[in-house]
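[1] How does the following fold in three dimensions:
(chains A and B)
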Number of protein chains: 2
Amino acid sequence: MFVILTYDVDVKRVNKIRKLLKKYLTWTQNSVFEGEISQGKLNQCLSEVENIIDKSYDSIYIYNVKSSKFISKDILGENKNFDELFL
Amino acid sequence: MFVILTYDVDVKRVNKIRKLLKKYLTWTQNSVFEGEISQGKLNQCLSEVENIIDKSYDSIYIYNVKSSKFISKDILGENKNFDELFL
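    Here you go, the predicted structure:
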């Protein structure tokens, strides 16, 4: 399945969250990760995320599309795929 | 169709972009707007966005799902629906 994960977390936790998410998805914009992932891997990822975030403050949205054929992506301006910056 | 719009724009332009996007979609997280919108309205919205952003720096992603039945949303932590804050 295809997942878009967006996050709004306290600055103290941002780096830790990004480091974790990069193990599972592609970092494509400042607060956005996306990619194909199995339900098992997503569950594993989210349980690790839950160990990091402060649930009373931080916010993680996981948009889940059964197949990438049901979703299209348009870009205005820069394609800020950060992962390429660090490869 | 259902749209998720994420943005990473220069701080100088953020308020202007948010004010514009709130006319078309729901502000649900710091850098995320979402909602049902027609292709015509989306085109109108994006042409206004193009008049604001600096295409060599700012980044707007528009994820487009034909129907909201093809996408599900899970939330960890806070549901930061900003629109409710200003109603």
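[2] Up against chain B, what does chain A have?
    A:4, A:6-9, A:28-32, A:46, A:49-50, A:53-66, A:70-80 (C-beta under 8 Å from any C-beta of the partner chain). C-betas here are computed from N, CA, C, even on glycine.
[3] Mind checking which of these are in helices?
    Among the residues of chain A next to chain B, the members found in helices (DSSP state H) are A:46, A:49-50.
[4] any idea which of these is the one closest to B:Glu36?
    Ranked by distance to B:Glu36 (C-beta to C-beta), these are led by A:Leu46 at 26.4 Å.
[5] Give the ChimeraX command for selecting the buried subset of the residues of chain A next to chain B.
    Burial among the residues of chain A next to chain B is assessed by 16 or more other C-beta atoms under 10 Å in any protein chain shown; the matching ChimeraX selection reads:
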select /A:4,6,7,8,9,28,29,30,31,32,46,49,53,58,59,60,61,62,63,64,65,70,71,76,77,78,80
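[6] For A:Ser68, give its distance to A:Ile17.
    Separation of A:Ser68 from A:Ile17 (C-beta to C-beta, to the nearest Å) stands at 24 Å.
[7] now swap in A:Leu46 and tell me
    Distance from A:Leu46 to A:Ile17, by C-beta to C-beta: 12 Å.
[8] Kindly report the same for A:Tyr61.
    In terms of C-beta to C-beta, A:Tyr61 sits 13 Å off from A:Ile17.
[9] Could you pull up the residues touching the residue sitting nearest the centre point of chain A?
    Centroid-nearest residue in chain A, with C-alpha atoms, centre = their mean: A:Phe33, separated by 3.0 Å. Applying C-beta atoms under 8 Å, 6 or more residues apart in numbering or on different chains to A:Phe33 gives the contacts A:4-7, A:21-22, A:24-27.
[10] If we use 10 Å, what do you get?
    Neighbour list for A:Phe33: A:3-7, A:17-18, A:20-22, A:24-27, A:45, A:62, A:82-83 [criterion: C-beta atoms under 10 Å, 6 or more residues apart in numbering or on different chains].
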